[in-house]
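In: sequence and predicted structure below; questions after.
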Amino acid sequence: MNKTCRIVNLQEEYSQLYQEHRSMIEDGAPEKMNALRAKAFETFIEKGIPSNKVEAYKYTNLQPYFKGTLDIAFSKEAALNGSSNKFHCSVPELDTHNVFLINGWFAHLEDAHQLPEGVVVGSIREKALEYPEVFEKYYGQNLGDDNDAMAAMNTAFAQDGAFVYVPKGVVVDKPIQLVNIMTGENDRLVFQRNLIVVEDNAQLKVMLCDHTISPQKFVINNLTEVFANENSVFDVYNIQNQHNLTTQVSGMYVHQKKYSNILTNNLTLHSGVTRNNIRVTMDDENCESHVYGLYLSDKNQHVDNYSFIDHAKPHCQSFELFKGVMDDSASAAFTGRVLVRPDAQQTNAYQSNNNLLLTQNAKINSKPQLEIYADDVKCSHGATVGQLDDDAMFYLKARGINENEGRILLMFAFAYEVIEKIRVEPLKENIRSLVEKRFRGEFDKCDSCVVCGHQGASVSCL
Amino acid sequence: MAEDQDKILEEVTGGEYKYGFYTDIEMEEFPKGLNEDIIRLISAKKNEPEFMLEFRLKAFRHWLTMKQPNWAHLNIPPIDFQDIIYYAVPKKKPELESMDDVDPELKATFDKLGIPLDEQKVLAGVAVDAVIDSVSVKTTFKETLAEKGIIFCSISEAVQEYPDLVKKYLGSVVPHQDNYFGALNAAVFSDGSFVYIPKGVRCPMELSTYFRINAMNTGQFERTLIVADDDSYVSYLEGCTAPMRDENQLHAAIVEIVAMERAEVKYSTVQNWYPGDKEGKGGIYNFVTKRGICKGDYSKISWTQVETGSAITWKYPSCVLQGDHSVGEFYSVAVTNNYQQADTGTKMIHLGKNTRSLIVSKGVSAGKSQNSYRGLVKVSKKAENARNFSQCDSLLLGDKCGAHTFPYLEIANNSAKVEHEATTSKIGEDQIFYCNQRGLSTEDAVGLIVNGYVKEVINQLPMEFAVEAQKLLQISLEGSVG
């Protein structure tokens, strides 16, 4: 059922919500999922929804966004709530395996038979029962030791989400696209919990696309745990494209084993308030990780990327690049924490954060951090804040390009450095055109997405 | 040049902390502990006017409501604030007629430190205010400076003689409620230096304060106030040492600088408090608040620091760039060895238009030490065309130490141009090999490379200090190789 909650004093009501609905939350969920709830709930209540008094959330006070009268779905029926679970996705040039979730609950997988043999894709609560040994080995094992309040909240409350398992040596050619559709008649609080396991020598690319298709306020707390085992290759593209009333806290926790190569790219093209918690743990030697992000915000939007790269073992490399363009009264924050643990020798860690401020009222807070406990390392970080280069602009004008066009060209060139890192060609092309349209102001929320206002019609994510 | 090098090397091989002697001077001490009575006693002892006592009590009452901050990347053992003597004075005659009246023991102390307190050392051309265990003992060159209208004296003296100036500026840059250690200082500060440079005067010599903690169980709380009026210039030096002791001693100081229109203040520190022994026993806790405000247009404040001492350093010399076209600079070398911890950096607050700031920070960590840079560059909404460049480098010598960078960039104006760069690395084996091949021992090679690495900052120091700083670096890093 859908439960409507009025939340004024955060801790009290969330505590009540949990206590009163505990049986419903736990009903039908895998044992392991329920086993972790009590402790996570304690952590969450102790810490509460972070305000800007918490160092890690210094630039994003989440408290006001988690207040209000919100619907929460405690069962699949409530989540789907009459909306057709038959969405179709039609992006001709982008061939993907499509998984649809509605309000955080698994709804539908298209063309399941086309998946390579042994690959499991489905609802986390259902698949956990079918593959208990995988689920129990990995679920909740990579949330780090910093006890993030939002991760704890997710562990306490989340009931469903996607489960993706790629067995040893299997290469999944087509990307798997997890489309989470947010819909409802009232403002809504959504939890989603994904678990992705890529076994030794396997390869997988995942796209996360969240869509708000009704105009209500949505508060989203989603968390994806990824385990990239030996010699695996894993990509995840988190495409954030919501309307202005959306608040999204998105956790991405990646755990790497020997010789694995991972890439995360958070493309925040449109949203209300976005907080991305990205944590990469290189728990074995010779790992490579690429952590990228692009954020384009305008109006009163706010984007906060918090990344934490944990070099726990020697001989690992990490590359980080986050770029942002802030227009109107938009604000953004970036934290890039790189930790090189004792004896993680021969580490290479590069990090860069560049920002363009377009108006008087735009704001940026950047906080790159290096914590280094080993000596044979090469680590660097750079952060810049600035405007479009006057000389470059002059150069373009001298060649007959008008100011507006010149601005768009330069902004696009600035953003392209991140787009370039996308390792799925058609997606790169799509994002490229989306970003260009975004700069031209031709694109408001979800340009090619027909979903808006057409429930049940075909959905195309990009 | 080669001779100099030899001399440095000789001194290096000589030893560890060479300022670790203790001078037996008769001291007058207050009982241990901190309460309103002690503060009243300090104030009464110093014969202070009413407004000073009020300032102290206000700060103390506020301090009681505060908690010791724990956000720094430091591991600070609990401090028992009741176990500290807040006031210790070398016993002396009330008025000193000439240098001959100075306690000979005290004179010997300063001779050992190599401080030109003596008139014979006129040639050194530095005016010195020496502060020992919280109280200013002697200020030199007072008369010469007075001719130009420059006031350079202990802050207690200033309270008596220039109460208006003190009342106007004391606490105007670092208010009494600013931070935990700042509030503590405001409540109990015993002495320090006061400098006032009148309009249009260029101070003809370097002004210098030498701080020394001598007595046991004491804390040192000094407060420096520098006011540079329109179109003036002053360069100010600060040096500090302490004897070797097993227990930790607290040093919580405040430096306030006010620069009016077109004034320039250059503040240099060579901090060499006792860092503790090789096992991390003893040493000074150096918790200092330093802040300058560029009040007038076209003013400039420049901080240069060489931090080699102290068991724990917690220090962020900052600039508030309020006047249009004002400039803030921060040059820092922080060296940690053995079990030392340092969390140091700067804050550049851009408020005025066309303000500029530059940050150059060089950290060197060795042994089992932890060295952090923490800095803030803030450009407020109205600060048009602000410009900042920050460069923070860390050098690691050894695999048990840590080097960390925590820069904060908060930009709310689109015309700002802010750049931050940080690198962390160790000395390359090829560099050492190159030096070895040319007959330099590995230890000398490291010294040479480190000195080259910090040159950009050392160059900012006045000549006499630069030589001392270079020697200090060598000594601090001794035993960190091999």
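Out: Received it, and whenever you're ready, just let me know what you need.

In: the helices in the chain, which residues?
Out: Answering for chain A, as no chain was given. Using DSSP state H, the helices of chain A run over residues A:10-26, A:31-35, A:37-47, A:76-80, A:124-130, A:132-138, A:149-157, A:390-398, A:403-419, A:425-440.

In: meant chain B actually
Out: Going by DSSP H, chain B shows helices at B:2-14, B:36-45, B:50-64, B:104-113, B:142-147, B:155-161, B:163-169, B:180-188, B:429-437, B:442-458, B:463-477.

In: list the buried ones in the third one?
Out: This points to helix B:50-64. For helix B:50-64, the neighbour count (16 or more other Cβ atoms under 10 Å in any protein chain shown) marks B:52-53, B:55-60, B:62-63 as buried. For the C-beta atoms, the positions are set from N, CA and C on the backbone; glycine is no exception.

In: re the thing from before, for residue B:302, find the nearest of the helices of chain B.
Out: helix B:442-458 (11.5 Å; Cβ to Cβ).

In: distance between the closest one and the chain's centre?
Out: 22 Å (Cα atoms, centre = their mean, to the nearest Å).

In: pLDDT score assigned to residue B:106?
Out: In the predicted model, residue B:106 carries a pLDDT score of 59.

In: write out the residues of the stretch 51-200 of chain A neighbouring chain B.
Out: Taking Cβ under 8 Å from any Cβ of the partner chain as the criterion, the neighbours of chain B within the stretch 51-200 of chain A are residue A:55.

In: closest residue of the stretch 51-200 of chain A to chain B?
Out: Going by Cβ to the nearest Cβ, chain B is nearest to residue A:55 of the stretch 51-200 of chain A, at 6.7 Å.

In: ok, that residue - contacts?
Out: residue B:71 (Cβ atoms under 8 Å, 6 or more residues apart in numbering or on different chains).

In: same thing but at 10 Å, please
Out: By Cβ atoms under 10 Å, 6 or more residues apart in numbering or on different chains, the contact set of residue A:55 is A:335, A:367, B:71.

In: kindly report the same for residue A:189.
Out: A:3, A:5, A:7, A:14, A:17, A:66, A:68, A:70-73, A:103-104, A:157, A:217-221, A:247.

In: filter these down to the ones in strands?
Out: A:3, A:5, A:7, A:68, A:70-73, A:218-221, A:247 (DSSP state E).

In: picking that back up, so which of the helices of chain B comes closest to residue A:389?
Out: Of all the helices of chain B, helix B:442-458 sits nearest to residue A:389, with 27.3 Å by Cβ to Cβ.

In: now do that closest one: which elements does it pack against?
Out: helix B:2-14, strand B:300-307, strand B:327-336, strand B:356-366, strand B:387-397, helix B:429-437, helix B:463-477 (3 or more Cβ pairs under 10 Å, 6 or more residues apart in numbering or on different chains; DSSP states H and E).

In: do that again at 8 Å, thanks
Out: strand B:300-307, strand B:327-336, strand B:356-366, strand B:387-397, helix B:429-437, helix B:463-477 (3 or more Cβ pairs under 8 Å, 6 or more residues apart in numbering or on different chains; DSSP states H and E).

In: dump these to CSV, plus distance to chain A, mean neighbour count and mean pLDDT.
Out: Below are the helices and strands packed on helix B:442-458 laid out as CSV (distance: least, Cβ to the nearest Cβ, whole Å; neighbours: other Cβ atoms under 10 Å in any protein chain shown; pLDDT from 0 to 100):
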stretch, distance to chain A, mean neighbour count, mean pLDDT
strand B:300-307, 19, 26, 93
strand B:327-336, 13, 27, 93
strand B:356-366, 9, 24, 93
strand B:387-397, 4, 22, 91
helix B:429-437, 10, 13, 90
helix B:463-477, 14, 20, 74
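
In: can you give me the distance of residue A:207 to residue A:264?
Out: For residue A:207, the distance to residue A:264 (Cβ to Cβ, to the nearest Å) stands at 12 Å.

In: residues shared between the contacts of the two?
Out: A:236, A:238.

In: mind listing the strands the helix or strand of chain A with the lowest mean pLDDT pairs with, and their directions?
Out: The helix or strand with the lowest mean pLDDT-type score in chain A, counting by mean pLDDT, DSSP states H and E, is strand A:2-7 (a mean of 79). According to DSSP bridges, strand A:2-7 forms sheet pairs with strand A:68-73 (antiparallel).

In: the strand it pairs with to helix A:10-26, inter-axis angle?
Out: 10 degrees (axes from the mean of the first three to the mean of the last three Cα atoms, to 10 degrees).

In: contacting residues around the residue lying closest to residue B:204 once chain neighbours are set aside?
Out: Of all residues not flanking residue B:204 in the chain, residue B:148 sits nearest, at 6.9 Å (Cβ to Cβ, 6 or more residues apart in numbering or on different chains). The contact partners of residue B:148, by Cβ under 8 Å, 6+ apart, come to B:198, B:201, B:203-204.

In: can you name the residue of the stretch 151-300 of chain A nearest to chain B?
Out: residue A:298 (13.1 Å).

In: hang on, that residue packs against residue A:327?
Out: Yes: under the criterion of Cβ atoms under 8 Å, residue A:298 makes contact with residue A:327 at 3.9 Å.

In: of the two, give the one with the bigger neighbour count.
Out: Per other Cβ atoms under 10 Å in any protein chain shown, whichever of residue A:298 and residue A:327 has more neighbours is residue A:327, with 21 against 18.

In: what does the pLDDT read for the more buried one?
Out: If you check residue A:327, the pLDDT there is 90.

In: and for residue A:163?
Out: 96.

In: and residue B:118, by the same measure?
Out: 46.

In: and chain B, which residues reach chain A?
Out: So far as Cβ under 8 Å from any Cβ goes, chain B lies against chain A at B:71, B:73, B:381, B:394, B:396-426.

In: hmm, which of those residues are the buried ones?
Out: B:73, B:394, B:396-398, B:401-426.

In: those in strands, which ones?
Out: B:394, B:396-397, B:402-411, B:417-426.

In: just the pLDDT for residue B:25.
Out: 64.

In: so who does residue A:337 touch?
Out: Counting by Cβ under 8 Å, 6+ apart, residue A:337 has contacts A:306-309, A:369, A:371.

In: need the strands for the stretch 101-250 of chain A, in chain order.
Out: Assigned by DSSP state E, counting those that start in this stretch, the strands in the stretch 101-250 of chain A fall at A:105-109, A:120-123, A:162-166, A:176-182, A:188-198, A:203-212, A:218-228, A:233-241, A:246-256.

In: so can I have JSON lines of these showing distance to residue A:434?
Out: As requested, those are exported to JSON lines (distance: least, Cβ to Cβ, whole Å):
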{"stretch": "strand A:105-109", "distance to residue A:434": "25"}
{"stretch": "strand A:120-123", "distance to residue A:434": "26"}
{"stretch": "strand A:162-166", "distance to residue A:434": "24"}
{"stretch": "strand A:176-182", "distance to residue A:434": "15"}
{"stretch": "strand A:188-198", "distance to residue A:434": "23"}
{"stretch": "strand A:203-212", "distance to residue A:434": "12"}
{"stretch": "strand A:218-228", "distance to residue A:434": "21"}
{"stretch": "strand A:233-241", "distance to residue A:434": "8"}
{"stretch": "strand A:246-256", "distance to residue A:434": "17"}
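
In: next one: the closest residue to residue B:63 other than its chain neighbours from residue B:432, what distance?
Out: Once flanking residues are discounted, residue B:63 sits nearest to residue B:183: 3.9 Å by Cβ to Cβ, 6+ apart. From residue B:183 across to residue B:432, the span is 47 Å (Cβ to Cβ).

In: same check on residue A:311?
Out: 25 Å.

In: next: residue B:321.
Out: Plainly put, residue B:321 is 42 Å away from residue B:432 if you go by Cβ to Cβ.

In: then residue A:144?
Out: Taking Cβ to Cβ, one finds residue A:144 at 37 Å from residue B:432.
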